[in-house]
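In: Got a predicted model here, sequence first, then my questions.
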Amino acid sequence: MIITALVFVAGLSLFAQEKKQPYSPKAGDFSIGITFNPMAAAKAGKSYQPGSGDFAGDFVNNYGLEPKQMFVMGAEPLAAFMAKYRLSEAVSLRANLGFTGSWVNYKEYVDDDAALCDNGLSQAKTVDVIRNKLNSVSFSVGAEFHKNIGAFQFNFGASLLWAIGGGSISTTYGNPLTKEGGWVRTTMPYLKAPVNPNDPTTLNEYKAADSKNAIANAYLVESYNQGYIHGVGLSVDMGLEWFCLPRISVALSMTMTPIMGLFQPQTYSIYEGYSSWTDKIERYNKLVSPGSNAFLYGTDNFGFRLSLNYYL
């Protein structure tokens, strides 16, 4: 906001001194810019990355335990790249692209079970790894209409918005499951099988001693509890664009996404453990959701898009 204010002040000063006719885009002009929408509902996408100063382990644990993320796609992204092409002085084609994501390999030392079996005083360690892969992409394309008012342009437009977001959590264990170890392994705290099935401090949601599958201790291998969520909607906006410097403009628009359709496919978690029925290590696919969908409509998801643009 400070930078934007400085650009406005600099532009006012320049035009006051030179008193030049303000620049007005013509047919064939192309612009690039960066947009920022601090009120966008997609600001929830910030959870796809650890925050500054956050512990990576807490981020992995907190996001892994978070409920379904189906409704974070309901508006344009918090920040995005924008490109416009002028078909005429009054009409432009435009496109926006925003994305965020992270690939976190979180590692912790754990006691080496084999070494402890040989020597109860062993200090040997092995490593557990949680891989958290989360990302979101938002893309829109549409038309914008302009009305010149001196150094200002009144704009209104509409775009088709497509968004996708979600990811997975996978784990690698330093200790293998062995008969000598009682088919139980030492793991980092986040990956311990819960004593209470509703224990909120572990990524392992498996119900211990499931009689149907005869796996007394099961360990999370991979989880798709977060989706991938797809969304398609219509975004509309209206605002002012000010050419504060030749070929440089600052624009402020009100935005909303009055219609949005969302779909989250089947989600599941995979666990592994020793089965007394088959006398070997088995993997169990725990279904979480058969797939969900939603249709959102209304005018209450409005935002304010601020953009800085340069016309080539």
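Out: Sure, I can see it. Numbering: from 1, shown residues only.
In: what number of residues lie near residue 229?
Out: 23 (other CB atoms under 10 Å). Using the backbone N, CA and C atoms, a C-beta is placed for each residue, glycine as well.
In: Which residue comes closest to it once chain neighbours are left out?
Out: Distances taken as CB to CB, 6 or more residues apart in numbering put residue 264 closest to residue 229, at 4.7 Å, once the chain neighbours are dropped.
In: okay, now that neighbour: neighbour count?
Out: Neighbourhood size, residue 264 [other CB under 10 Å]: 23.
In: pretty sure it is in contact with residue 293, am I right?
Out: Yes: under the criterion of CB atoms under 8 Å, residue 264 makes contact with residue 293 at 7.3 Å.
In: quick one on the thing from earlier: and the residue nearest to residue 229, how far from residue 146?
Out: Here the criterion is CB to CB, to the nearest Å. By it, residue 264 lies 38 Å from residue 146.
In: swap in residue 77?
Out: Here the distance between residue 77 and residue 146 works out to 23 Å (CB to CB).
In: Also residue 290?
Out: Distance, residue 290 to residue 146, using CB to CB: 47 Å.
In: More neighbours: the two, which one.
Out: The residue with more neighbours, out of residue 290 and residue 146, is residue 146; 19 against 9, by other CB under 10 Å.
In: name the element residue 136 belongs to?
Out: strand 125-149 (DSSP states H and E).
In: so how far is the next helix or strand along the chain from that strand from its chain's centroid?
Out: From strand 125-149 onward toward the C-terminus, using DSSP H and E, the following helix or strand is strand 152-172. Distance of strand 152-172 from its chain centroid, counting by CA atoms, centre = their mean, to the nearest Å, is 9 Å.
In: Next: stretch 162-175.
Out: When C-alpha coordinates are averaged (CA atoms, centre = their mean), stretch 162-175 and its chain have centres 12 Å apart.
In: repeat for stretch 83-99
Out: Here the centre of stretch 83-99 is set off from its chain's centre by 25 Å, with CA atoms, centre = their mean.
In: and the end-to-end length of it?
Out: Across stretch 83-99, the terminal residues are separated by 15 Å (CA to CA, to the nearest Å).
In: Show me which helix or strand of the chain is least confident by mean pLDDT.
Out: Of all helical and strand segments in the chain, the minimum by mean pLDDT, DSSP states H and E falls on helix 2-18, at a mean of 54.
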